[in-house]
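# After the sequence you'll find the predicted model.
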Amino acid sequence: MAGYRLHEVLVAPARPTAQLGRIIGGVVLIVFGFIALNVLFFQIMRLFPGWSDLAPHLSDGTVPMAIWVLLLNFAPLLLSLAIVLHVLHSRSVVALLGPRRLVLFDTRRVLRRAVPLYLVIFLIPLPDALAVEWNMSLSAWLVLLPISVPLLILQVTTEEVLFRGYLQSHLAARFSSPLVWMLVPSALFAFLHYDLETFGPNALALAGVTGLFALAAADLTARAGNLGPALALHFINNVVALLVTSMDGYWDGLALFTVPYDPSNVEAVQASLPIEVLVIFCGWLVARIAIRR
């Protein structure tokens with residue numbers, strides 16, 4: 001596809017080790033490596049004072065420290081990916097991002113255009129059932145940002161280098177059809193966000209929305225030939241979801257605002273889904289315009 005000609009920048013370096021068995025083996029090893037490192041991670045966490053009081057909040061993220069721990073927990077996954085890349089593919093995590101100058105250039109271009117878009121969307125009046133409320137004071141929120149933002153960058157970067165940098169690029173080196181290298185990583189990304197216990201009847205729809213975002217990120221990556229646009233859009237999306245507005249009583253420990261419902265409110269969550277889809281579409285469209293060469 002002509003629109004994806006720059007994708008070769010990411011795909012070509014992956015081609016020498018893009019055998020299907022090696023890719024599948026890599027995914028398996030990443031999973032088992034993460035499990036092992038994850039056990040070690042929480043063993044270390046348990047050594048810190050106050051862990052027994054913090055642990056119950058890891059399931060709902062209602063205090064800042066709980067979300068910080070959950071975001072830091074992406075470090076073992078990133079380390080597992082780095083080890084597997086080195087052993088199976090003789091590559092580094094940094095190499096998955098694409099050319100450094102292009103990554104920085106495209107990241108800035110997307111941020112400059114997407115941030116105003118999200119600000120405008122946030123200022124649009126919503127129905128009372130979805131209207132935001134203050135969750136903490138602005139001063140308290142600003143004090144948390146120096147820790148929250150770097151940890152959020154860690155989480156976003158880990159997901160992007162795994163799904164778009166590793167899986168998408170290596171699958172594209174093995175299969176020419178976007179139906180494989182776009183859909184497979186996006187479907188896996190959506191599956192890992194499927195949470196029936198928390199979201200009940202809305203779990204599948206929410207996973208579908210997550211899959212749409214993954215497809216948008218996959219498209220931007222293929223068009224740009226680097227992970228910059230996907231990183232920028234993913235970062236803004238997660239800043240809004242975790243640091244700006246969250247559901248009341250669910251992952252709201254770092255949020256400046258909350259909406260007046262939690263995941264158990266099936267109707268309210270359903271009402272928010274079309275808005276989320278529209279936001280993803282607008283973000284993707286603005287990012288595509290930003291990286292147009």
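Right, received. Where do you want to start?
# any idea where the strands of the chain begin and end?
133-134, 245-247, 257-259 (DSSP state E).
# Including mean pLDDT, could those strands go into TSV?
Formatted as TSV, the strands of the chain follow (pLDDT from 0 to 100):
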stretch	mean pLDDT
strand 133-134	93
strand 245-247	94
strand 257-259	95
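# okay if I get those as TSV plus distance to residue 188 and mean neighbour count?
The C-beta positions use only the backbone N, C-alpha and C, and glycine is treated the same way. Shown next, in TSV, are the strands of the chain (distance: least, CB to CB, whole Å; neighbours: other CB atoms under 10 Å):
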stretch	distance to residue 188	mean neighbour count
strand 133-134	35	10
strand 245-247	25	22
strand 257-259	29	20
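# Format those as TSV; extra columns: distance to residue 232.
Listed next are these as TSV, based on distance: least, CB to CB, whole Å:
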stretch	distance to residue 232
strand 133-134	28
strand 245-247	19
strand 257-259	22
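# Would you tell me which of those gets closest to residue 57?
strand 245-247 (13.8 Å; CB to CB).
# Next, count neighbours for residue 273.
Neighbourhood size, residue 273 [other CB atoms under 10 Å]: 14.
# With respect to residue 61, which of the strands of the chain lies nearest?
Comparing these by CB to CB, strand 245-247 comes nearest, at 8.2 Å.
# quick revisit: would you tell me which of the strands of the chain gets closest to residue 281?
strand 245-247 (18.7 Å).
# which other residues reach that closest one?
122, 132, 135, 252, 254-259, 261-263 (CB atoms under 8 Å, 6 or more residues apart in numbering).
# let's see 10 Å
When contacts are defined by CB atoms under 10 Å, 6 or more residues apart in numbering, strand 245-247 is touched by residues 60-62, 67, 122, 130, 132-133, 135, 240-241, 252-265, 268-269, 272.
# any weak-confidence spans in the stretch 1-150 of the chain?
129 (pLDDT under 70).
# Please enumerate the helices of it.
8-14, 20-45, 51-54, 64-72, 74-84, 93-97, 100-123, 138-160 (DSSP state H, counting those that start in this stretch).
# go on, the stretch 151-293 of the chain?
With helices called from DSSP H, counting those that start in this stretch, the stretch 151-293 of the chain shows them at 169-174, 178-181, 183-192, 196-199, 203-224, 228-238, 266-290.
# Give me the pLDDT value at the residue nearest to residue 231 when sequence neighbours are not counted.
Leaving aside its sequence neighbours, residue 231 sits nearest to residue 160 (CB to CB, 6 or more residues apart in numbering; 5.3 Å). pLDDT for residue 160: 98.
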